[in-house]
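# Below are the sequence and a predicted model for it; my questions follow.
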Amino acid sequence: MKKVTFICDRSLDNQLNKLEQIADRSSLVNHLVHGYGLNSKLIVLKNVIAKDDEVLSFHSTDYINHLKDLNDVKDIDEHEDNEEEYGLGYDCPLIYGIFDYVSAVVGSSLTAARSLIDGSANIAINWYGGWHHAQRDEARGFCYANDIVCAINLLRQKFQRVLYIDLDIHHGDGVENAFEYSQNVLTFSLHKYEVGFYPGSGAITDVGRGNGKFYSVNVPLKDGIRDEAYTKIFNRLLEVLMQAFHPDTLVVQCGCDSLAGDPLGTFNLTLKGYGNCVKTILSWQKPTLFLGGGGYNITNAARCWTYLTSLILGCNIATDIPDNHFFERYGPGFDLDIAEGNRPDCNSEDDIDNCISIITDNANNIKRACWN
């Protein structure tokens, strides 16, 4: 029987509203989930703030102590010029209560992960999480702390092998870097890869290091990919990786800046493409943690994560947006669907087949390492 926990907490909404790029996003998600009546089918959990040692399960003491020192600084402009050492600058501006924010966001993914560990759920959803760029001692790419790595470290107390899947248009570099020497965590990221596109990593040749060689799997994509091609490459490679690695649990970052219409994205994906990937993930029937991530057209992010919540629950929902507190934000169409983008697809059939072939060959090395 499917038991699904769902993190929903107004205090977390307030914390994420500190980030100008996504202000109100989590509130839109929660109100739309409630508007469709999905909350009645979820085990709703309040957040438990992360303890210092839980944040330090990944981040350095110096970095966390620095965030603590800045937590109560109110004259932010006075400090911003001196923060480049820890990445607190252009894309990660100093915010008031910065350590409170970090401990809340990390806590949300740990709260969700604990429900998988204690067996109260076999699927956990935390759309507040998914901040995949943060490094051990540095904020990067809108990400002040890497809740994903902290959650994976916690899950590893019960589950030996963790498969991390990243659907964000940006490469999941922080997570990959954290586990690039590990054979216990396999990272699988589909993303745009192009000179000048952030973060600039994630080539198909980036496969991990040392004992972790071949346990970093990167699918570099070009502008304009559409649902059919994206689904093809995802489904083919997920099956290959599942058969080679045999994970005990999955962690899925569902950054929705890959959707058409995202101000930072250049793909043509719709909810159908995302949904097909999630359906494939669910078909493996593994304990799974679903997280948020990027998504800067905030009404489309709410559409996407609400739709994915319905798929996870096995519910069919109407395409008409139901009445909710933010109803007017969904105009003028007031429907759930997102139109496919019209960018030219620069991903050829040969590109896709070649990518599948290379990664399939690399996966044979994973299979030998796991089972020899």
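Arrived safely.

# Please, which helix or strand holds the nearest residue in space to Arg161 that is not next to it in sequence?
Nearest non-adjacent residue to Arg161, counting by Cβ to Cβ, 6 or more residues apart in numbering: Pro247, 4.5 Å away. Every residue, glycine included, has its C-beta placed from N, CA and C. Assessed by DSSP states H and E, Pro247 sits outside every helix and strand.

# List the contacts of Pro247.
Counting by Cβ atoms under 8 Å, 6 or more residues apart in numbering, Pro247 makes contact with Phe159, Arg161, Val162, Leu163, Leu186, Lys286.

# Using CSV, please lay out these together with neighbour count and secondary structure.
Output for the contacts of Pro247, formatted as CSV (neighbours: other Cβ atoms under 10 Å; DSSP: H, G, I helix; E, B strand; the rest coil):
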residue, neighbour count, secondary structure
Phe159, 21, coil
Arg161, 15, coil
Val162, 23, strand
Leu163, 26, strand
Leu186, 26, strand
Lys286, 18, coil
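
# Let me know the pLDDT of the residue nearest to Arg161.
Listed pLDDT for Pro247 reads 98.

# And it, how close does it get to Asn184?
Distance, Pro247 to Asn184, by Cβ to Cβ, to the nearest Å: 10 Å.

# hey, what's in contact with both of those two?
In contact with both Pro247 and Asn184: Arg161, Val162, using Cβ under 8 Å, 6+ apart.

# buried stuff in the lengthiest helix in the chain?
When the chain is parsed with DSSP state H, its longest helix is helix 349-371. Buried residues in helix 349-371, counted by 16 or more other Cβ atoms under 10 Å: Asp351, Ile352, Cys355, Ile356, Ile359, Asn362, Ala363, Ile366, Lys367, Ala369.

# Then stretch 135-146?
Residues of stretch 135-146 classed as buried by neighbour count (16+ other Cβ under 10 Å): Gln135, Asp137, Glu138, Ala139, Arg140, Gly141, Phe142, Cys143, Tyr144, Ala145, Asn146.

# which residues sit against that stretch?
With Cβ under 8 Å, 6+ apart as the test, stretch 135-146 has contacts from 19, 21, 55, 58-60, 62-63, 67, 86-88, 91-92, 98, 101-102, 105-106, 131-134, 170, 173-175, 177-178, 198-199, 294.

# cool, stretch 17-24 as well?
16, 26-27, 95-97, 101, 142, 295-296, 298, 301, 326.

# Kindly recompute the last result at 7 Å.
By Cβ atoms under 7 Å, 6 or more residues apart in numbering, the residues outside stretch 17-24 that reach it are Leu16, Ile95, Tyr101, Phe142, Tyr296, Ile298.

# State the distance from His59 to Val102.
8 Å.

# Next, Arg25: phi, psi?
phi -60, psi -50 (degrees, to the nearest 10).

# on that earlier part again, tell me which of the buried residues of helix 349-371 is nearest to Val240?
Ala363 (4.9 Å; Cβ to Cβ).

# Excluding sequence neighbours, find me the nearest residue to that closest one.
Using Cβ to Cβ, 6+ apart, the closest residue to Ala363 is Ala244 (4.2 Å).

# and that neighbour, that one's in a helix?
Yes. Looking at Ala244 with DSSP: H, G, I helix; E, B strand; the rest coil, it is inside a helix.

# what about the helices in the protein?
Under DSSP H, the chain gives helices at 10-16, 25-35, 52-55, 61-70, 76-80, 98-117, 147-155, 173-178, 227-245, 271-283, 298-313, 349-371.

# Could you pull out the buried residues of the first one?
The one in question is helix 10-16. Across helix 10-16, burial judged by 16+ other Cβ under 10 Å covers Leu12, Asp13, Gln15, Leu16.

# State the pair within these that is farthest apart.
Between all members of the buried residues of helix 10-16, the farthest pair (by Cβ to Cβ) comes out as Asp13 and Gln15, at 7.3 Å.

# Would you mind measuring from Leu110 to Cys256?
Taking Cβ to Cβ as the measure, Leu110 falls 23 Å from Cys256.

# okay, those two: which has more neighbours?
More crowded of Leu110 and Cys256, by other Cβ atoms under 10 Å: Cys256, with 30 against 26.

# quick one: contacts for the more buried one?
Counting by Cβ under 7 Å, 6+ apart, Cys256 has contacts Tyr274, Gly294, Gly295, Asn300, Ala301, Cys304, Trp305.

# repeat that for 10 Å
127, 130, 167-169, 262, 265, 269, 271, 274, 292-297, 300-305, 307-308, 338 (Cβ atoms under 10 Å, 6 or more residues apart in numbering).

# and what of Ala363?
Leu186, Phe214, Val217, Leu237, Glu239, Val240, Leu241, Met242, Gln243, Ala244, Phe245.

# and what of Leu289?
Going by Cβ under 10 Å, 6+ apart, Leu289 touches 5, 109, 112-113, 115-116, 121, 123-126, 129, 148, 151-152, 154-155, 162, 164, 249-253.

# re the thing from before, now the contacts of stretch 17-24 in TSV, with distance to Asp345 and pLDDT?
Shown next, in TSV, are the contacts of stretch 17-24 (distance: Cβ to Cβ, whole Å; pLDDT from 0 to 100):
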residue	distance to Asp345	pLDDT
Leu16	33	97
Ile95	38	93
Tyr101	38	98
Phe142	27	95
Tyr296	22	97
Ile298	26	97
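
# want to try CSV for the residues you listed, with distance to Thr231 as columns?
CSV is the format used below for these (distance: Cβ to Cβ, whole Å):
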residue, distance to Thr231
Leu16, 30
Ile95, 37
Tyr101, 35
Phe142, 27
Tyr296, 23
Ile298, 25
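
# Thanks a lot, see you next time.
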